[in-house]
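Chemist: give me a model of this one.
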Amino acid sequence: MPFIQWYPGHIAKAERQLKEQLNRVDVIFEVLDARIPLASHHPDVPGWIGDKPRLVVLNRTDMIPESVRQGWLNWFAAQGETLYCTNAKQGKGIKALKKAAQAAGVQMNERRQQRGMRPRAVRAVVIGFPNVGKSALINRLLGRKVAASARRAGVTRQLQWIRISDALELLDAPGIIPAKLENQEDAVKLAICEDIGEAAYDNQQIGAALIDLLVELNFDNILSSRYQLDPQNITGEEYIESLGNSKFKGDTERATMQLLNDFRKGVMGKIPLELPQLI
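Modeler: Here you go, the predicted model:
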C-alpha cells in the first residue's frame, strides 16, 4: 500500500488558530465527503469541541447513489447522530442546515438571557478535511460568493468570520488534517478523492489503489465498459500499465490522471468508496 504523509505548516497553524477560536463558537458544522464519510471524519474533532452541538454534514451527495445516501442516514442515526445531506454545488440541503444552526442558537440565547446577557447571533464554524466542499457550503449559506472555492486541497489558508445574517455568523476555517495519518487505508481514500494535497502521494500508486478498491467493491464492470479493459485477475498497477499502452502510447502517468479525474469529476458515475453495511 502506498505510504501517505502530509502535514504542511499552514495546516498546523490553522489547527492552532481554530482551537483558539472554538471557545467563541456555539455550533460546529463538520463537513464529510459523501464518497468516504468515515475516512473524511477528523478523529480529534469530538475532543476539541466537548459538549458543543455538532451538525454532521454529508456533502457531495450527488456523487453517490440514493440507496447509499439512505444507508448512511440510517448508519449515523444508529450512532445517535443526525446527518444533514447537502450538495453545496447545487445548493441542495442548505435550508435545513441553516434551520438547525439557528435552533442551536435559540438554546444558546436562552442560556444568555438566564444570565442577564443580551441575545446575539449564533456563531458557527465549518470544519473538515481540505477540499470536502466547506467554502462552497459557506457561499450557499450566504447566498453569494465570499469564500474561495476550488476543486483542490488547501484553497482556504486563513480563518475568517463571515456574517450570514443577523441571526448567524460563520467561521470559515482551512482544511485540517490529523498530525499523523495513522490509518493508511483512509489516507489512500482521501488521496483518491483529492481531499489531501497531491504533494503527499504518488499519482500512479493512488491510481492503482483506486482500481483495486473498485474491484473489491464490485465496480469492475464500470472499468470494463469505460476503458474496454477488464480489471479482474490483474493488479491495479498492471491495469494502469495496460491502459497506458492501449490508449496513451505507453504513458502511464496520463492513463493514471485520466482515471483519477474521471472518478473525481463523477464522469465514471456515482461511486462510493465506503458502504455503510460493510462497516
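
Chemist: can you list contacts of the longest helix along the chain?
Modeler: Ranked by number of residues, the top helix in the chain under DSSP state H is helix 94-114. Helix 94-114 is contacted by residues 26-27, 29, 53, 55, 57, 82, 84, 86, 88, 118-122, 124, 137, 140-141, 164, 167-168 when judged by CB atoms under 8 Å, 6 or more residues apart in numbering. Using the backbone N, CA and C atoms, a C-beta is placed for each residue, glycine as well.

Chemist: next structured bit after it?
Modeler: With elements assigned by DSSP states H and E, the helix or strand that comes after helix 94-114 is strand 122-127.

Chemist: run through the stretch 101-250 of the chain and note the low-pLDDT ranges.
Modeler: For the stretch 101-250 of the chain, applying pLDDT under 70 flags the ranges 145-158.

Chemist: strands along that one, start to end?
Modeler: Along the stretch 101-250 of the chain, the stretches classed as strands by DSSP state E, counting those that start in this stretch are 122-127, 160-165, 168-172.

Chemist: which one of these lies nearest to Ile222?
Modeler: If you check each of these against Ile222 by CB to CB, strand 122-127 wins as the nearest, at 32.4 Å.

Chemist: for Leu38, see how far away the residue nearest to Glu237 when sequence neighbours are not counted is.
Modeler: In space, Glu237 comes closest to Ala208 once its chain neighbours are excluded; the distance is 4.4 Å by CB to CB, 6 or more residues apart in numbering. Noted for Ala208: a distance of 22 Å to Leu38, by CB to CB, to the nearest Å.

Chemist: one step back: of all the strands of the stretch 101-250 of the chain, which one is nearest Ile271?
Modeler: Comparison of the strands of the stretch 101-250 of the chain against Ile271 by CB to CB identifies strand 122-127 as nearest, at 25.7 Å.

Chemist: which secondary structure elements does the closest one contact?
Modeler: If contacts are counted by 3 or more CB pairs under 8 Å, 6 or more residues apart in numbering; DSSP states H and E, strand 122-127 sits against helix 9-21, strand 27-33, helix 94-114, helix 134-142, strand 168-172.

Chemist: hmm, who's touching it?
Modeler: Contacts to strand 122-127, defined as CB under 8 Å, 6+ apart, come from residues 18, 21-22, 24-31, 42, 45, 101-102, 104-105, 108, 134, 137-138, 167-173, 176.

Chemist: list buried residues within the residues you listed.
Modeler: 18, 22, 25-31, 42, 101-102, 104-105, 108, 134, 137-138, 168-173, 176 (16 or more other CB atoms under 10 Å).

Chemist: pLDDT value on Ala88, please?
Modeler: Note for Ala88: predicted pLDDT of 86.

Chemist: got the contact list for it?
Modeler: Contacts of Ala88 (CB under 8 Å, 6+ apart): 59-60, 94, 133, 136-137, 139-140.

Chemist: winner for burial among the strands of the stretch 101-250 of the chain?
Modeler: strand 122-127 (a mean of 24; mean count of other CB atoms under 10 Å).
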